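S.K.: Give the three-dimensional model of this entry:
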Amino acid sequence: MNKLSVATRSGVLSKKSQSIIKCMQSYPEGITPKKISLLTSINVNTVKSIIPKLADIQKIGRGFYKVYNGGDGALSSTPDALLDWNFHNCIMSCQIPHKYFGNFQPVKKTINLNLIIVEFRISQKGRVTLRVATDYPLNVSSICLVYGLLCELLTEHAYNPFPQPEVFIRTIEFNKDYSNLRLDGLNCITVDNLVEQFKLYQKKRGLRIEHKTKVPLTVENIVDMLSSNGINVEHTIKLADQKKQLDRLTTATRANTHMLYKLIDNLEVKE
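M.R.: I've put the predicted structure just below:
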């Protein structure tokens, strides 16, 4: 009789565990034992006692628990989290300084690399664009290769050496695929801020996260982020802008100082 009683209790416990896990899988952002109890009709104290014994469940905050599986990352980003992002389309552009226009002729060419299509253009006004498109994801580190290709094509179509212009990433959409996150009943969530648009798409295979930038990024911004393992685009851009302002201020100070010296020299001559 004792063995039958234990077996029966074990079976009941297994069913409760399955109900709790199934409920938690519907809340990938996390859920409290109290809410689990309301949704499953299992006593809240029983829920609290079962959760610590279940595999792949972690506490993510005070009273909040969630299921961790294959593609579901932890809340705290690892230093190399940026390298997990991909992109499919990218447009880089730059402006050739007016005094170097004579070194170039208008160009329009398409390079078909089977999996990747590259379009390179130089307009009559010195506007340079390079577009990369692919159906297969490219890792974010491939931005360095795209930039290198742009520089190579510029050099190829120039008659004489010229200083490399500042290259901007005009359009790029970063994405990262997860295999086991789900937001039931929602096809897409969009969040806007000052520098980017953030979207969550419900795909058949899981949840896709997409970032669309709203401000121009230079290649240097991305390379700096990759080199320093940074994750804050806004701060990186602000630092780059402050550096530019400081450079302009330094140049203006030098020019004003030179003019001031000239004015002193003229005054001394008149005296």
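
S.K.: Domain ranges for this structure, per the record?
M.R.: Domain assignment for the chain by automatic domain parsing gives 2-67, 81-231, 234-271.

S.K.: Okay, strands next: where are they in the stretch 101-250 of the chain?
M.R.: 107-112, 116-122, 127-139, 168-177, 188-192, 196-202, 207-213, 217-218 (DSSP state E, counting those that start in this stretch).

S.K.: elements contacting the third one?
M.R.: Spelled out, it's strand 127-139. Helices and strands touching strand 127-139, by 3 or more CB pairs under 8 Å, 6 or more residues apart in numbering; DSSP states H and E, are strand 86-95, strand 116-122, helix 143-156. Placement of C-beta: from N, CA and C, glycine included.

S.K.: Could you dump these into CSV with distance to V44, mean pLDDT and mean neighbour count added?
M.R.: Listed next are the helices and strands packed on strand 127-139 as CSV, based on distance: least, CB to CB, whole Å; pLDDT from 0 to 100; neighbours: other CB atoms under 10 Å:
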stretch, distance to V44, mean pLDDT, mean neighbour count
strand 86-95, 42, 92, 18
strand 116-122, 55, 95, 17
helix 143-156, 50, 92, 16
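
S.K.: Just send those back as CSV, with distance to D247 too.
M.R.: Shown next, in CSV, are the helices and strands packed on strand 127-139 (distance: least, CB to CB, whole Å):
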stretch, distance to D247
strand 86-95, 18
strand 116-122, 27
helix 143-156, 21
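
S.K.: Mind checking the ones you listed for the one nearest to Q245?
M.R.: Of all the helices and strands packed on strand 127-139, it is strand 86-95 that lies closest to Q245, at 19.7 Å by CB to CB.

S.K.: Nearest the geometric middle of the protein, what residue?
M.R.: Most central in the chain under CA atoms, centre = their mean is F174, positioned 5.2 Å from the mean C-alpha point.

S.K.: who's in contact with that one?
M.R.: For F174, the contacting residues are 85-87, 140, 210-211, by CB atoms under 8 Å, 6 or more residues apart in numbering.

S.K.: and which of those is nearest I122?
M.R.: For these, the minimum distance to I122 (CB to CB) is 23.8 Å, reached by F87.
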